[in-house]
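Trainee: Give me a 3D structure for the following:
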Amino acid sequence: MKPALAVIGTRPEAIKLAPVVRELADRELAVEVLVTGQHEVDQVVPVLRTLGIGPELIRFGSYRNSSGVTESIGHLIDSVSAEISGRNPGVVLVQGDTASTFAGALGGFLRAVPVAHVEAGLRTHDLAHPFPEEGFRQAVARWASLHLAPTEAALKHLLLENVFCDDFRVTGNTGVDSLRIISESIGEKPILDRIVFTLHRRESWSESMRSILRNVRRAMDSYSATEFLVVRHPNPVVGDETERYLGSARNATVVPPLEYPAMVEALLQARGILTDSGGLQEEALALGIPTLVMRRRTERPELLQDGEGVLVGNEGAGIESGLAQILSREVPQANTFRATVIGDGFASRRVVDALLECALCGPVRVGAQGAQRA
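Mentor: Now for the predicted structure:
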């Protein structure tokens, strides 16, 4: 059996595919990881290693970021497609909606290699929000052979779209697996008078982003006794503006992107979250943290339905009133991991079960020359 090839380009993909790779390796099934280079390697590899993925499983693509979005995606498609051709895997594993996911799925499709899509079926039904990710995930659905939906609602989206495939599974969200593993290793932490803030979505760049930051700054000034942990995005388009608007506030603690365990610890100690991140919405739901989602649309409505999340738009007009609601709540004793509709922390087992049921992965064979792929 040829190995499964997990395509990972970004830190969120590493968080969400690492437990799947770990599950494959623990069952002695053949697997390799292709780190594409979409995000810097030093943002991706430490996450993989933290979650138990050894260097013997990791391969590196030849892609390097370009300045233009179109050129960058074109180069990424060429690089990932060449790796798929050279490695000839039995299945290409992609996750979510990134450019690397798009490139991996397209490369597998064009090379006639089955594609398994982890976190399939998320939708806002608005190609502009999030952009370009909504377009990527809809395209990948047309190329995948196995759809691994995190929830029944995500599966319903695929069925309504008449996706040409009979292989669907509801597995739960694999990112919740990583959160369970790391939060359990950290243990219970006291909650601080702290709000965690992150901002990065491309559709909120320019004036929308400045409007968000102005509203956040007003909220920070209104609640001067509360610390705002501002996680500055590495892209200077976002990071510089964030620093300019928020960095001078007395109650701002501006930090670079935190290592994954440090970020989980920050969440465990947070009273609330201000974010436009999809992954943080999932983590907030699993930890029960009140969250203001700075977007016009979300493909993760479960947080809103649970009552812990409020959509405040990508200009942030509802931030100050939303924070008033969060800060008026009684502070719980601790933020602890809990099973929810998006996952119980064991989705990766179901993903690997599905791969085996569809005969898309097989065991490692150990021969005279050492471990080889069966």
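Trainee: How far does stretch 274-293 stretch from one end to the other?
Mentor: 6 Å (CA to CA, to the nearest Å).
Trainee: ignore the last one, stretch 23-39
Mentor: Chord length of stretch 23-39, first to last residue, is 24 Å (CA to CA).
Trainee: Could you number the chain from 129 rather than 1 from now on?
Mentor: Right, with 129 as the first residue, what we last looked at is stretch 151-167.
Trainee: distance between that stretch and the chain's centre?
Mentor: 16 Å (CA atoms, centre = their mean, to the nearest Å).
Trainee: Pull out the buried residues from it.
Mentor: Within stretch 151-167, the residues scored as buried using 16 or more other CB atoms under 10 Å are 151-153, 157-167. Every C-beta, even on glycine, is put in place using the N, C-alpha and C of the backbone.
Trainee: Of all the residues you listed, the one with the weakest confidence?
Mentor: The member of those with the lowest pLDDT is His167, at 86.
Trainee: Can you check what pLDDT the model gives the nearest residue to Arg330 once chain neighbours are set aside?
Mentor: Nearest residue to Arg330 in three dimensions, chain neighbours excluded: Phe259, at 5.9 Å (CB to CB, 6 or more residues apart in numbering). Among the per-residue scores, Phe259 holds a pLDDT of 90.
Trainee: For Phe259, the count of nearby residues, please.
Mentor: Phe259 has 14 neighbouring residues, counting by other CB atoms under 10 Å.
Trainee: Leu162 versus that one, what's the distance?
Mentor: Distance, Phe259 to Leu162, by CB to CB, to the nearest Å: 25 Å.
Trainee: in the protein, which spans are helices?
Mentor: Assigned by DSSP state H, the chain shows helices spanning 139-154, 169-178, 197-215, 227-238, 261-271, 280-288, 302-314, 335-350, 364-374, 388-396, 406-415, 430-434, 447-455, 475-485.
Trainee: Show me where the stretch 179-328 of the chain dips below the pLDDT cut-off.
Mentor: 194-195 (pLDDT under 70).
Trainee: quick one: Ser306 and Ile143 touch, right?
Mentor: Yes - counting by CB atoms under 8 Å, Ile143 is a contact partner of Ser306 at 4.9 Å.
Trainee: so what sits against both of the two?
Mentor: Shared contacts of Ser306 and Ile143, defined by CB atoms under 8 Å, 6 or more residues apart in numbering, are found at 179, 388.
Trainee: Narrow the buried residues of stretch 151-167 to those in strands?
Mentor: Assignment to strands by DSSP state E places the following of these there: 159-163.
Trainee: Would you mind giving the helices of the chain as CSV with distance to Val382 added?
Mentor: Shown next, in CSV, are those (distance: least, CB to CB, whole Å):
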stretch, distance to Val382
helix 139-154, 19
helix 169-178, 18
helix 197-215, 27
helix 227-238, 28
helix 261-271, 26
helix 280-288, 35
helix 302-314, 23
helix 335-350, 12
helix 364-374, 6
helix 388-396, 13
helix 406-415, 17
helix 430-434, 26
helix 447-455, 18
helix 475-485, 34
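Trainee: The ones you listed: which one's closest to His328?
Mentor: His328 sits nearest to helix 364-374 of all the helices of the chain, at 5.5 Å, using CB to CB.
Trainee: so what does that closest one touch, helix or strand wise?
Mentor: Secondary-structure packing of helix 364-374 (3 or more CB pairs under 8 Å, 6 or more residues apart in numbering; DSSP states H and E): helix 335-350, strand 355-359, strand 380-383.
Trainee: Who are the packing partners of the last one?
Mentor: Of the remaining helices and strands, those touching strand 380-383 by 3+ CB pairs under 8 Å, 6+ apart are strand 355-359, helix 364-374.
Trainee: Need the winner for burial among these.
Mentor: Of all these, strand 355-359 has the most neighbours on average by mean count of other CB atoms under 10 Å, namely a mean of 22.
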